[in-house]
Every structure is written in C-alpha cells, then in structure tokens.
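Chemist: generate a structure from the sequence data that follows.
(one chain, ligands or ions: 2)
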Amino acid sequence: MSAPTEPHDSLFAGAAPPTDFVFDQQVARVFPDMLRRSVPGWPELLRLLGLVAARVSVPGRPIYDLGCSLGATSASLLARLPQARIVAVDNAPAMLDGLRARLAEPVAAGRVRPVCADIVDVPVSDAGLIVLNLTLQFVPPAARQDLLRRLRAGLVPGGALLLVEKVIFPDAATDALMDGLHQDFKRGQGYSALEIARKRAALEAVLVPEDIETHEERLRAAGFTRIERWFQCLNFVGWLARG
Ligand SMILES: Nc1ncnc2c1ncn2[C@@H]1O[C@H](C[S@+](CC[C@H]([NH3+])C(=O)[O-])CC(=O)[O-])[C@@H](O)[C@H]1O
Ligand SMILES: O=C(O)C(=O)Cc1ccccc1
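Modeler: Numbers count the residues shown, from 1 in each chain. Ligands and ions are numbered 1, 2, ... in the order given. Prediction:
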C-alpha cells in the first residue's frame with residue numbers, strides 16, 4: 001500500500017491566502033511527504049504500531065483505523081497481521097480516494113474496507129483493536145469523551161485502543177522547549193521558518209492538542225483500566241489502552 005512516488009510538500013511555501021487547514025486534494029497529494037517531514041519519529045511510529053497491534057489485537061475481530069488518511073497505519077498493521085480485516089474510516093473524500101487507489105495492491109485487496117464518515121458517529125462494534133493515529137486531535141474537545149466511551153463499548157472483551165496524539169505540556173517553559181524542538185525538527189526536514197509559521201496558523205483552530213494527563217484521565221473516564229505509554233518523540237505521544 002505504498003505510493004509509487006512521493007510528491008514534495010511545498011503547500012505553505014507559496015503566497016497563499018490564510019485559511020484553516022483542510023484535508024483536500026492538494027494536501028492528500030503531498031501527505032506522505034508532509035507527515036514524514038512534520039512528525040518526529042513517523043517511520044518508527046508506523047513500524048511500532050504494526051508491532052504493538054500484532055500483540056494486542058484480538059484475532060478474527062475487525063480492526064478500526066479511524067482517521068486513516070491514505071492508509072499508512074493500515075498498511076503497517078497489514079504488514080504484521082496479513083489476515084486482519086480493517087475498517088478504514090476518514091471523513092475527507094480526497095484522502096479516501098487516495099486510499100482506494102492504494103488498495104489495488106495485493107496485500108490490501110479485500111482486507112481493507114474504506115468508509116467515508118465522521119468518526120464521531122461511525123458505528124463501531126465487535127472490534128478487536130481500534131487505532132486513532134493523530135486523529136482525536138482534530139475532533140472538537142467537547143466531543144472527545146463521548147467518542148472514547150463509545151469506542152470502548154465497541155471493543156470485544158480483551159480488545160485494545162491505540163491512541164497517538166500531538167501533545168502540549170502544562171509547564172510553559174517545557175511547552176516552549178518542546179514546541180521549539182518540533183520547529184527545529186521541521187527546519188531540519190527542509191521546511192522554511194515561513195512555511196512552519198503559516199502551517200501553524202492554518203492548524204490553530206483545527207488541531208487542538210491537549211496534555212498527557214488530560215488524555216490519560218479521559219481514557220480512564222472512558223472505562224479503560226490499563227493505560228500504557230509506548231511512544232514519545234518530542235511532542236508526539238502514543239498510548240495503549242485496555243481493560
Ligand atoms: N471527525 C473526523 N472523522 C473522520 N476523519 C477525520 C476526522 N477529523 C479528522 N479526520 C481525518 O484524520 C486524518 C488525520 S491524519 C492521520 C494520519 C493517518 N492515521 C495515517 O496513518 O496516515 C494526521 C494529521 O493530519 O496530522 C485526516 O485524514 C483527516 O481527514
Ligand atoms: O505539522 C505539524 O505541526 C503537525 O502537527 C503534524 C501534521 C501533519 C499533517 C497535517 C497536520 C499536522
């Protein structure tokens with residue numbers, strides 16, 4: 001499920017009018033490059049998602065990849081769980097078009113079912129594993145608790161949730177340090193200071209990160225009892241939630 005070419009992301013390099021970030025066709029076209037150059041540890045994060053999934057998913061039960069974009073997470077899961085059936089959900093038609101194009105590859109054929117829907121109201125039942133890889137951060141904060149409660153209710157006994165989020169830090173100095181390091185990372189990946197600033201402004205009202213404690217409390221309130229952090233790279237954190 002990998003793309004034959006990976007177009008370079010220069011979306012925020014030109015003189016574009018300021019608008020909120022949207023997952024449209026322009027973004028979908030450059031998305032693999034954008035994620036690789038914007039998320040510290042992205043290739044390793046994807047590999048680890050496959051490894052963790054292979055240990056914690058319930059065999060024979062469907063896996064839900066919520067906010068699947070072009071299917072990078074689904075592809076990593078399939079590499080480790082070739083028999084898995086994945087329901088891949090995204091509400092951006094441009095992303096799902098890209099995903100469908102990739103499904104032509106033999107490993108994914110018949111194994112991934114693309115669904116164009118809002119994860120806030122997509123039905124989830126009988127799930128052996130649910131993955132939210134950098135997706136909850138785009139759901140309005142007021143809707144996050146109900147969503148996680150509903151997702152937990154959609155898991156079979158023994159099922160698990162994998163959550164990955166961009167986070168903020170409660171201490172202002174630590175937050176400034178982590179944010180500065182994330183910007184350094186992006187500069188090192190070839191983005192200009194102007195591109196970084198413009199994308200930040202575009203994401204402001206769209207991607208709402210929260211701190212680690214807020215996420216862990218919400219997972220507990222949703223009914224999960226075993227909550228483990230298995231990934232952190234600067235301000236990007238991954239959890240496994242069970243029980
Ligand atoms: N309410 C929603 N309902 C459905 N989809 C949504 C919603 N809000 C946002 N999305 C979708 O969530 C995805 C977030 S990207 C996830 C990467 C992916 N997991 C990957 O394996 O490459 C991460 C990022 O852009 O930082 C986009 O495709 C949105 O359309
Ligand atoms: O670029 C950022 O600041 C991010 O948090 C990662 C990201 C990647 C792709 C779309 C939106 C955010």
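Chemist: what residues does the chain have near ligand 1?
Modeler: Within the chain, the positions lying close to ligand 1 (CB under 6 Å from any ligand atom) are 23, 35, 67-69, 72-73, 89-92, 95, 118-120, 133-135, 138-139. In short, each C-beta sits where N, CA and C put it, glycine included.
Chemist: so which of the residues you listed are in strands?
Modeler: Val89, Asp90, Asn133 (DSSP state E).
Chemist: and which of the residues you listed is nearest Asn235?
Modeler: Using CB to CB, Asn133 is the member of these that lies nearest Asn235, at 15.2 Å.
Chemist: number of residues surrounding the closest one?
Modeler: The number of residues packed around Asn133, counting by other CB atoms under 10 Å, is 24.
Chemist: bridging residues for it?
Modeler: Val164 (DSSP bridges).
Chemist: now do the same contact list for it.
Modeler: Residues in contact with Asn133 (CB atoms under 8 Å, 6 or more residues apart in numbering) are Leu45, Leu49, Asp65, Gly67, Thr73, Leu162, Val164.
Chemist: so who does the last one touch?
Modeler: Translated: Val164. With the criterion set at CB under 8 Å, 6+ apart, Val164 makes contact with Leu45, Leu49, Leu132, Asn133, Leu134, Phe231, Phe236, Val237, Gly238, Trp239.
Chemist: out of these, which one sits closest to ligand 2?
Modeler: For the contacts of Val164, the minimum distance to ligand 2 (CB to the nearest ligand atom) is 7.0 Å, reached by Leu134.
Chemist: any idea how far the closest residue to that closest one other than its chain neighbours lies from Gly41?
Modeler: Using CB to CB, 6 or more residues apart in numbering and skipping the chain neighbours, the partner closest in space to Leu134 is Val164 (5.6 Å). Between Val164 and Gly41 the computed distance is 10 Å (CB to CB, to the nearest Å).
Chemist: quick one: residues contacting Thr19.
Modeler: Each residue near Thr19 by CB under 8 Å, 6+ apart is listed here: Ala202.
Chemist: what does the model give Ala109 for pLDDT?
Modeler: At Ala109, the predicted lDDT confidence score is 71.
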